[in-house]
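A.B. asks: model this:
(one chain, ligands or ions: 1)
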Amino acid sequence: MCGIFGYIGDKDAEKVITEGLKRLEYRGYDSWGIAVKKDDKIHIHKKIGEIGDVEEIKQLPGAFVGIGHTRWATHGGVTKNNAHPHFSTDMSFVVAQNGIVENFQELKSMLEEKGFKFETQTDTEVIVRLIELKLRDIKELREAARLAFLDLKGRNTIIILEQNTDHIIAIRNGSPLVAGISADRKEYFLASDILSFAHHTDQVVFMNDYQMVEIKDRKLSLFEVENGNEIEYKIQKVEPGEVNIDKEGHEHFMIKEIIEQQYTIKEATNYTKDELAELVEALKSAKNVYTVGAGTAGYAAGQIAYYLRKIAKLNAVELKSYEMESYKDLIGEGDIMIAISQSGETADTIEALEFTKKNGAKIASIVNMMGSTTTRMSDYKFYSRSGPEICVASTKAFTAQVSWGYLLANAVVDKFEEAKANIAKVSESLQNYFTEELFEQIKSLVDRIKDQEHFFVLGRGMNYYVSLEGALKVKEITYKHFEGFAAGELKHGVIALVDKGTPVFCIVSDDEVKNDMVSAAAEVNARGAFTVGIGDNPKQAFFEDFIEAPQAGDLSPITNVIPFQLISYFLGVVLGNNIDKPRNLAKSVTVK
Ligand code: M6R
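C.D. replies: Down below sits the predicted model:
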């Protein structure tokens, strides 16, 4: 959600920034803009819609300093005028922002009373005018920006380009910001993630909230926003596997990422018993164990809590990071919160962790993106090591999280080695799973259902979360109404929705609830539903189609979700949808 990019160096700034913004595209955006400094003037180029071919964009060549922004509209419609960066009244600096200024109305009224004029509907312009107000008393832009930032409420990260000198300032709170420095110290990058400049340098400086970075005279300095004091920083090196962005011959990132799961479920559990030991001990002695996440990560949190209950016999409770209100006074010392997140930057989840920490509970996390806020807030940090997940719809991150949760739950009851072997077995079966034959079967099913609008998915026991995640996946890419339910809910109301020809997907594993699941499938079938079975349990006569998943025992949620990911992909392709960047969605939901 919104991307920020800044550059100072010896290359064409417009090109470097455009490339950077393209690598931030996956976060979701509806308009974009670039500002570069040339001939002691700031030049801005803004556009609605997609960025297009980097080579074709030659609006502002010959500049070596600049900033860029991809905007996901919050305040004010999707217009060129509302796109960032935004000029100060005297055109001496520009600002781009990622976040929401929660007290924007209040600040805007105050600024209007002081005579400031507004030309956009954005909350960003409030930041610009606020800096201008501070500059009436303080002549230095860095100090004025710092003081203005202290007046903002909400999670905001801003980047500022100044006209007079080769000077970029950025301040972080809540929304991500990371700096990159080239090995020869000639180039500096500031961005919302390391992926956007990883092709230039592998040396990064991770920033914390309420820190301000300044790049001036080819030097990077870091300051505390609170008092303006300069602080020391560490330059870290990132591994190439963590930043490689390539479709590797596939038409879309989504299908590449689906296929990669054969390996990523193993990578996510590439931990030794000793590396898990501290968390295992903490879980054993915890008063309460919670798991938390949102969206797909929320379903993974549900699945992990299920494993912790079923396998580890811990009374784990799954929470939605955006519905924590009633737990605020219950979570405290002696408790453990396990956070699940691909990006590690989801605002809802970070807010949940903030009060978890404040209340004295410990935080564990499984995150995919290196150096994220969630990881840095955690007492027990784990990476799912799946490589960049570029498609907005999460696939390999989900199965990696589930795989890690399975290993963790088994480690609690001393079945670490057994769990590792089971994961390896499933990984092996998946290596033979993605065949042309399977793809053809799914394409032909897609052809039969593509004109329907409403679909239902039924799961039970360990496949309950798969029904929710499977349905979410198809919704995101196809824009069709897919709804996941616990099969047990059927008779309590849901069956009223089933009519002749209604497509109902039934997830059937060879487990202790299979008979109940088959009965549910039979009941919808008896009411004329078009029933499709998914799972490792042999086809029932009444299924119109059965998509077989590898035998996986307790790891079936991993293998059973994959057919839904493939249905989502092939149906999205047939419908001509934007697969990797579905409408309205952002990869990293950094605002609430
Ligand atoms: O980065 P996170 O895993 O914390 O993101 C959480 C959700 O926003 C994310 O899973 C979202 O639901 C995806 N679009 C699902 O495909």
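A.B. asks: From now on I want contacts and neighbour counts done on CA atoms only, so please keep to that.
C.D. replies: OK.
A.B. asks: Which residues of this structure lie near the ligand?
C.D. replies: With CA under 6 Å from any ligand atom as the criterion, the chain meets the ligand at residues 294-297, 341-344, 346, 392-394, 587-589.
A.B. asks: quick check: mean pLDDT across stretch 238-255?
C.D. replies: What stretch 238-255 shows for mean pLDDT is 83.
A.B. asks: from what I can see Val128 touches Phe87, true?
C.D. replies: Yes - with contact defined as CA atoms under 8 Å, Val128 counts as touching Phe87 (7.4 Å).
A.B. asks: Now do the same contact list for Ile258.
C.D. replies: By CA atoms under 8 Å, 6 or more residues apart in numbering, the contact list for Ile258 reads Thr395, Lys396, Ile562, Gln565, Leu566.
A.B. asks: Strands along the stretch 1-150 of the chain, start to end?
C.D. replies: Counting by DSSP state E, counting those that start in this stretch, the stretch 1-150 of the chain has these strands, from start to end: 3-8, 31-38, 41-48, 65-71, 86-87, 93-99.
A.B. asks: any chance of these in JSON lines, plus mean pLDDT?
C.D. replies: Shown next, in JSON lines, are the strands of the stretch 1-150 of the chain (pLDDT from 0 to 100):
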{"stretch": "strand 3-8", "mean pLDDT": "96"}
{"stretch": "strand 31-38", "mean pLDDT": "94"}
{"stretch": "strand 41-48", "mean pLDDT": "93"}
{"stretch": "strand 65-71", "mean pLDDT": "95"}
{"stretch": "strand 86-87", "mean pLDDT": "96"}
{"stretch": "strand 93-99", "mean pLDDT": "95"}
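A.B. asks: how about CSV for those strands, with mean neighbour count added?
C.D. replies: Shown next, in CSV, are those (neighbours: other CA atoms under 10 Å):
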stretch, mean neighbour count
strand 3-8, 30
strand 31-38, 26
strand 41-48, 19
strand 65-71, 32
strand 86-87, 23
strand 93-99, 27
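A.B. asks: Tabulate these (CSV), appending distance to Phe505.
C.D. replies: CSV is the format used below for the strands of the stretch 1-150 of the chain (distance: least, CA to CA, whole Å):
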stretch, distance to Phe505
strand 3-8, 37
strand 31-38, 38
strand 41-48, 39
strand 65-71, 37
strand 86-87, 49
strand 93-99, 39
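A.B. asks: For Ile558, find the nearest of those strands.
C.D. replies: strand 3-8 (31.4 Å; CA to CA).
A.B. asks: neighbouring contacts of the closest one?
C.D. replies: 13, 16-17, 20-21, 24-25, 27, 64-71, 96-98, 159, 166, 168, 177, 187-192, 215, 218.
A.B. asks: For the stretch 301-450 of the chain, which residues score under the pLDDT cut-off?
C.D. replies: Along the stretch 301-450 of the chain, the model assigns pLDDT under 70 to no residue.
A.B. asks: where exactly do the helices run in the stretch 101-250 of the chain?
C.D. replies: According to DSSP state H, counting those that start in this stretch, the stretch 101-250 of the chain carries its helices in the segments 104-113, 124-135, 141-150.
A.B. asks: how big is the angle separating the first one from helix 124-135?
C.D. replies: Read it as helix 104-113. 50 degrees (axes from the mean of the first three to the mean of the last three CA atoms, to 10 degrees).
A.B. asks: cool, and the last one?
C.D. replies: Angle, helix 141-150 to helix 124-135, by the same axes, to 10 degrees: 120 degrees.
A.B. asks: what comes up buried for helix 141-150?
C.D. replies: Neighbour counts over helix 141-150 (16 or more other CA atoms under 10 Å) mark Leu141, Arg142, Glu143, Ala144, Ala145, Arg146, Leu147, Ala148, Phe149 as buried.
A.B. asks: How about stretch 505-517?
C.D. replies: For stretch 505-517, using 16+ other CA under 10 Å, the buried residues are Phe505, Cys506, Ile507, Val508, Ser509, Asp510, Asp511, Lys514, Met517.
A.B. asks: now do stretch 151-169
C.D. replies: Across stretch 151-169, burial judged by 16+ other CA under 10 Å covers 152, 154-163, 166-169.
A.B. asks: Show me what the mean pLDDT comes to for that stretch.
C.D. replies: 92.
A.B. asks: Just the C-alpha atoms of that stretch, please, in PDB.
C.D. replies: What follows is stretch 151-169, C-alpha atoms only, in PDB (Å, rounded to 0.1, in the frame of the first residue of the first chain):
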ATOM      1  CA  ASP A 151       2.400  16.900  15.500                       C
ATOM      2  CA  LEU A 152       1.100  14.000  13.200                       C
ATOM      3  CA  LYS A 153      -1.100  11.300  14.600                       C
ATOM      4  CA  GLY A 154      -1.200   7.900  13.000                       C
ATOM      5  CA  ARG A 155       1.300   5.700  11.100                       C
ATOM      6  CA  ASN A 156       3.100   7.800   8.600                       C
ATOM      7  CA  THR A 157       6.400   7.600   6.700                       C
ATOM      8  CA  ILE A 158       7.400  10.600   4.700                       C
ATOM      9  CA  ILE A 159      10.100  11.500   2.200                       C
ATOM     10  CA  ILE A 160      11.200  15.000   1.300                       C
ATOM     11  CA  LEU A 161      13.200  16.300  -1.600                       C
ATOM     12  CA  GLU A 162      14.700  19.800  -1.300                       C
ATOM     13  CA  GLN A 163      15.400  22.100  -4.200                       C
ATOM     14  CA  ASN A 164      18.500  23.900  -3.000                       C
ATOM     15  CA  THR A 165      20.900  21.100  -2.200                       C
ATOM     16  CA  ASP A 166      21.200  17.400  -3.100                       C
ATOM     17  CA  HIS A 167      19.200  16.600  -0.100                       C
ATOM     18  CA  ILE A 168      16.600  14.000   0.800                       C
ATOM     19  CA  ILE A 169      15.000  13.500   4.200                       C
END
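A.B. asks: Distance-wise, check the closest residue to Asp10 other than its chain neighbours relative to Leu24.
C.D. replies: Distances taken as CA to CA, 6 or more residues apart in numbering place Phe64 nearest to Asp10, at 5.9 Å, with adjacent residues excluded. Phe64 is 20 Å from Leu24, where distance means CA to CA, to the nearest Å.
A.B. asks: Give me the more crowded residue out of the two.
C.D. replies: Leu24 (27 against 20; other CA atoms under 10 Å).
A.B. asks: is it true that Lys491 lies in a helix?
C.D. replies: Yes - the assignment for Lys491 (DSSP: H, G, I helix; E, B strand; the rest coil) places it in a helix.
A.B. asks: ok, now how distant is it from the ligand?
C.D. replies: Relative to the ligand, Lys491 is positioned 28 Å away (CA to the nearest ligand atom, to the nearest Å).
A.B. asks: ok, now Ala312?
C.D. replies: Counting by CA to the nearest ligand atom, the gap from Ala312 to the ligand is 24 Å.
A.B. asks: what's that residue in contact with, if anything?
C.D. replies: Ala312 neighbours (CA under 8 Å, 6+ apart): Ala409, Asn410, Val412, Val413.
A.B. asks: so what pLDDT did whichever residue of the stretch 401-550 of the chain sits closest to the ligand get?
C.D. replies: As assessed by CA to the nearest ligand atom, the ligand sits closest to Lys473 within the stretch 401-550 of the chain, at 6.1 Å. For Lys473, the pLDDT comes out at 98.
A.B. asks: Now it. Its backbone dihedrals?
C.D. replies: phi -60, psi -50 (degrees, to the nearest 10).
A.B. asks: right, and it touches Leu566 too?
C.D. replies: No - using CA under 8 Å, Lys473 makes no contact with Leu566, being 9.4 Å away.
A.B. asks: so where do the helices sit in the stretch 451-592 of the chain?
C.D. replies: 464-478, 514-526, 556-574.
A.B. asks: deepest of the ones you listed, which one?
C.D. replies: With neighbours defined by mean count of other CA atoms under 10 Å, none of those is more surrounded on average than helix 464-478, at a mean of 26.
A.B. asks: quick one, it and helix 556-574 angle?
C.D. replies: Angle of helix 464-478 versus helix 556-574, following the same axes, to 10 degrees, is 10 degrees.
A.B. asks: Offset the numbering so it begins at 42, please.
C.D. replies: Let's use 42 as the start, then, which means that last one is helix 505-519.
A.B. asks: Give me the contacts around helix 505-519.
C.D. replies: With CA under 8 Å, 6+ apart as the criterion, helix 505-519 contacts 337, 340-341, 343-344, 434-435, 497-500, 521-528, 548, 598, 601-602, 605-606, 608-610, 612-613, 616, 618-620, 623.
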